[in-house]
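Colleague: coordinates for the following, if possible.
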Amino acid sequence: MSKLNLIIYIVLLVIIDYLIKAYASAHLNPFETIQFLPFLNFYLTSNTGIAFSMFDFGSGLSSYILLIIAVAIVIFLIQQLLNETRKLSRAGFILIIGGALGNIIDRAGDGAVTDFLHFYINNFSFFIFNPADAFITIGALMLIYSEFRKTSNV
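Modeller: Coordinates of the predicted model:
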């Protein structure tokens, strides 16, 4: 896969994430629950922390420190992607990088990431996330699976 194709895939993921977040922000009211599926609601909120609101201290400074760390991680992941030969691992890296850049762009605007997908089972709330978070999670699972199958060229 050429470097241009890698860039195109990553940019497409960032655009998809941006457009969906913009639509959610424009059409959902903050903290209002809208039933969608038996295990998934729409619930618009902002997250200044990282996954599952960890390190969400409500401070702009901590959010921008996380932004700098995220940029450094993306640079590292891009280097890994460029050296990767396995298709499944490359796809995983593309998803992680696209998701991370989507959240970086979102955070750069106001210090917070837009979350609006609330996953729950019965009365137990698991987390509130966005498409970029889903890209990152799926990409990480693909990388883990690829590592278990390292002997084949998947």
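Colleague: now the nearest residue to Phe39 once chain neighbours are set aside: how far from Ala134?
Modeller: Excluding the flanking residues, the one nearest Phe39 by Cβ to Cβ, 6 or more residues apart in numbering is Ile121, at 5.8 Å. C-beta here means a position set from N, CA and C on the backbone, and glycine is covered the same way. Look at Ile121 and Ala134: by Cβ to Cβ, to the nearest Å, they are 17 Å apart.
Colleague: these two: who's more crowded?
Modeller: Between Ile121 and Ala134, Ala134 has the larger neighbour count (other Cβ atoms under 10 Å), namely 14 against 9.
Colleague: find the nearest non-adjacent residue to that one, please.
Modeller: Gly99 (7.3 Å).
Colleague: mind checking the SS state of that neighbour?
Modeller: At Gly99 the chain is in helix, as set by DSSP: H, G, I helix; E, B strand; the rest coil.
Colleague: tell me where the protein has helices.
Modeller: 3-27, 60-83, 87-110, 131-148 (DSSP state H).
Colleague: which of the ones you listed sits most buried?
Modeller: Mean neighbour count, computed with mean count of other Cβ atoms under 10 Å, is highest for helix 87-110 among the helices of the chain, reaching a mean of 21.
Colleague: which elements pack onto that one?
Modeller: Counting contacts by 3 or more Cβ pairs under 8 Å, 6 or more residues apart in numbering; DSSP states H and E, helix 87-110 packs against helix 3-27, helix 60-83, strand 113-121, helix 131-148.
Colleague: and these: which comes nearest Thr45?
Modeller: Closest to Thr45 of the helices and strands packed on helix 87-110 is strand 113-121 (Cβ to Cβ; 5.3 Å).
Colleague: who does the closest one pair up with?
Modeller: Partners of strand 113-121 in the sheet, by DSSP bridges, are strand 40-47 (antiparallel), strand 124-129 (antiparallel).
Colleague: which of those strands comes out lowest on mean pLDDT?
Modeller: Lowest mean pLDDT within these: strand 124-129, a mean of 86.
Colleague: and the residue lying closest to Asp17 once chain neighbours are set aside, what is it in contact with?
Modeller: Using Cβ to Cβ, 6+ apart and skipping the chain neighbours, the partner closest in space to Asp17 is Gly102 (3.3 Å). Shown in contact with Gly102 (Cβ atoms under 8 Å, 6 or more residues apart in numbering): 13-14, 17-18, 21, 130-132, 135.
Colleague: now with 10 Å, please.
Modeller: 10, 13-18, 20-21, 113-114, 130-133, 135-136 (Cβ atoms under 10 Å, 6 or more residues apart in numbering).
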